[in-house]
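A.B. asks: Requesting a structural model of the entry that follows:
(2 chains)
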Amino acid sequence: MIDLRALRDSPDAVRASQRLRGEDEGVVDAVLAADERRRTALSDFERVRAQQKTHGKTVAKASGEEKQALVAAAKGMAEQVRSLQAQAAEAEAEVDRLLGSVPNLVAEGVPPGGEDDFVVLEEVGAPRDFAADGFEPRDHLELGELLGAIDMGRGAKVSGARFSFLTGPGARLELGLMQYAMARAVEWGFVPVVPPTLVTPQMMGGTGFLGAHAEEVYKLDADDLYLVGTSEVPLAGFHADEILDLSGGPLRYAGWSTCYRREAGSHGKDTRGIIRVHQFTKVEMFSYVSAQDAAAEHQRLLAWEREVLDAVEVPYRVIDVAAGDLGTSAARKYDCEAWVPTQGRYRELTSTSSCTTFQARRLAIRERTGEGSTTPVATLNGTLATTRWLVAILENHQQADGSVVVPAALRPYVGLDVLEPVRR
RNA sequence: GGAGGCGUCGCCUAGUGGUCUAUGGCGCCCGCCUGCUAAGCGGGUUUGGGGUGAUACCCCAUCGCGGGUUCAAAUCCCGCCGCCUCCGCCA
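C.D. replies: Here you go, the predicted structure:
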């Protein structure tokens, strides 16, 4: 939810943001009109309600015939209050509906355009030259099957397309990676969290996932609960309806969870292997900071992501995602994409978004100002590890015989130095 | 799944239809007093919104959430949620 007052003050800024995202500008005028109606209706209701309350006190003091007369007189007033209250509630709901449909304001400096209009900020490491190494690289699934690490066939048998079993060294690599990421997060001061992965509609909506991309989300109708696609959702909900004390600096949580995505719009894309699956695990950073610290915290989250990427020793690049490709809640987003040798391109491994005060407004997460009033905080999130990382690790660290060298930083956590083929 | 109890301001708590403008205590904040931080005294202390983009003032809403009854609801009725106790069922 964007700030209604900010929209009233500078509607042009909201129009500009909508334009950058390729979204409807007309909603701005619709919100302004609805807000006007709301305030008028609210004033009308409040005035009559105040009269009713005053009158009620005289009724209470009166008795006998006088009281009968006063009660009779109050009946019409009660009818009016009911009707005006309904009007005010309706106008308010309309403002909420319209305002709720506006995605977060795009931050200054975000590249214009759509999915392909990102700006590359930096490339780290160089793609490995397999020709020089004298062999043709195998893709992650071929390696995974060779190593006894990934079993898509049985995943499909048990659960359908886009489900996998990670087995033996695959399971160990996954758990080791997650443990490593979590250990680093703890070292940086994050509070480790294992959150629930089923959440209420309020939490799903509050984090912005029931807007344009609602069809991406699994829903359990019988229980009115949603399966989260990221622990960002429960971590944002953690402090919902609370007034936080951020005087000691940001509150930072690192969540480990399974994540579920329907991948409804991606039929035929990435159908091979575990690049795009319905279920994966992830370690996610989540920060609550004062609004004015959001941009600085965003840089810190990006820096931490890069530390973990550096540790797994894969080439990657950092991109500044264009306005049209931002999520509903994000004001700015940086992705880190790792080089996938057999695809000859970079694929997203991490994503960090600054949601400024957008999520906090919906979830009622505030802090005290110096004057004693409250103000919404900013929330930010960023990936520290996901199952997809296995793709980049396997492919970039493979050897001619199909074995895979475990990155040094992960070895204590994986418990293996080299993953050896179980068949050839 | 069944039965019962509970849910009031940061915490504890009073409140069984109108004088509730929600009581009292603790904590916290401001002031007074006392020649030390204590005690005592006085005042303040939920959140959201409107008048109004005003630190002052006024108003509305807010007693777990949502409906209803009533001229009038913390209070009565219905539904839901959460916590506790007991029973049943299952691992």
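
A.B. asks: residues touching the residue lying farthest from the centre of chain A, list them.
C.D. replies: In terms of distance from the mean C-alpha position of chain A, A:E65 ranks first, at 63.9 Å (CA atoms, centre = their mean). With contacts defined as CB atoms under 8 Å, 6 or more residues apart in numbering, A:E65 has no neighbours. Quick note: C-beta positions are derived from backbone N, CA and C, even for glycine.

A.B. asks: Toward the C-terminus, what is the element adjacent to the helix or strand containing it?
C.D. replies: Per DSSP states H and E, A:E65 falls inside helix A:64-100. Downstream of helix A:64-100, the first helix or strand assigned by DSSP H and E is strand A:119-124.

A.B. asks: Strand partners (parallel or antiparallel) of that following strand?
C.D. replies: strand A:316-320 (antiparallel) (DSSP bridges).

A.B. asks: quick one on the thing from earlier: next, see if the helix holding A:E65 gets close to RNA strand B.
C.D. replies: Yes. Helix A:64-100 reaches RNA strand B (CB under 7 Å from any atom of the strand) through A:V71, A:A74, A:K75, A:M77, A:A78, A:V81.

A.B. asks: Could I get the residues you listed in CSV, plus columns for pLDDT?
C.D. replies: Formatted as CSV, the residues of helix A:64-100 next to RNA strand B follow (pLDDT from 0 to 100):
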residue, pLDDT
A:V71, 80
A:A74, 80
A:K75, 83
A:M77, 83
A:A78, 84
A:V81, 86
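
A.B. asks: Now for the residue of the stretch 201-350 of chain A at minimum distance from RNA strand B, how many residues are close by?
C.D. replies: Residue of the stretch 201-350 of chain A nearest RNA strand B, by CB to the nearest atom of the strand: A:I243 (6.3 Å). The number of residues packed near A:I243 is 13, by other CB atoms under 10 Å.

A.B. asks: Near RNA strand B, which residues of the stretch 251-400 of chain A are found?
C.D. replies: Counting by CB under 7 Å from any atom of the strand, the stretch 251-400 of chain A sits next to RNA strand B at A:R366, A:E371, A:S373, A:T374.

A.B. asks: Highest neighbour count among these?
C.D. replies: Of those, with other CB under 10 Å as the count, A:R366 tops at 19 neighbours.

A.B. asks: That residue contacts A:T375, correct?
C.D. replies: Yes. Using CB atoms under 8 Å, A:R366 is in contact with A:T375, at 6.1 Å.

A.B. asks: Return the residues of the stretch 101-250 of chain A in contact with RNA strand B.
C.D. replies: Contacts of the stretch 101-250 of chain A with RNA strand B, taken as CB under 7 Å from any atom of the strand, map to A:I243.

A.B. asks: now the helices for chain A?
C.D. replies: Ranges of helices in chain A, per DSSP state H, are A:4-9, A:11-21, A:27-61, A:64-100, A:130-133, A:140-147, A:152-159, A:169-187, A:201-206, A:232-237, A:294-312, A:358-363, A:389-396, A:411-414.

A.B. asks: follow-up on the earlier one: so the helix holding A:E65 versus helix A:27-61, what angle?
C.D. replies: For helix A:64-100 against helix A:27-61, the angle by axes from the mean of the first three to the mean of the last three CA atoms, to 10 degrees is 160 degrees.

A.B. asks: What are the buried residues along helix A:64-100?
C.D. replies: A:70, A:74, A:80-81, A:84-85, A:87-88, A:91-92, A:94-95, A:98-100 (16 or more other CB atoms under 10 Å).

A.B. asks: cool, and stretch A:113-126?
C.D. replies: A:F118.

A.B. asks: chain center to that stretch: distance?
C.D. replies: 21 Å (CA atoms, centre = their mean, to the nearest Å).

A.B. asks: which residues of the stretch 301-424 of chain A score low on pLDDT?
C.D. replies: Counting by pLDDT under 70, the stretch 301-424 of chain A has low-confidence residues at A:423-424.

A.B. asks: mind redoing it with 90?
C.D. replies: A:367-374, A:423-424 (pLDDT under 90).

A.B. asks: OK, now which residue of it is nearest to RNA strand B?
C.D. replies: A:T374 (3.5 Å).

A.B. asks: A:A364 versus that residue, what's the distance?
C.D. replies: A:T374 sits 9 Å away from A:A364, going by CB to CB, to the nearest Å.

A.B. asks: contacting residues for A:P195?
C.D. replies: Counted by CB under 8 Å, 6+ apart, A:P195 has contacts A:S231, A:P234, A:L235, A:F238, A:G255, A:S257.

A.B. asks: Swap in 10 Å and give it another go.
C.D. replies: Applying CB atoms under 10 Å, 6 or more residues apart in numbering, we find A:P195 in contact with A:228, A:231-235, A:237-238, A:253, A:255-257, A:284, A:286.

A.B. asks: try A:A34
C.D. replies: So A:A34 contacts A:A91, A:E92, A:A93, A:E94, A:V95, A:D96, A:R97, A:L98, A:L99 (CB under 10 Å, 6+ apart).

A.B. asks: Kindly indicate which of those residues lies nearest A:E420.
C.D. replies: When the contacts of A:A34 are compared for distance to A:E420 (CB to CB), A:L99 wins out at 57.5 Å.

A.B. asks: And that closest one, how far from A:V233?
C.D. replies: 21 Å.
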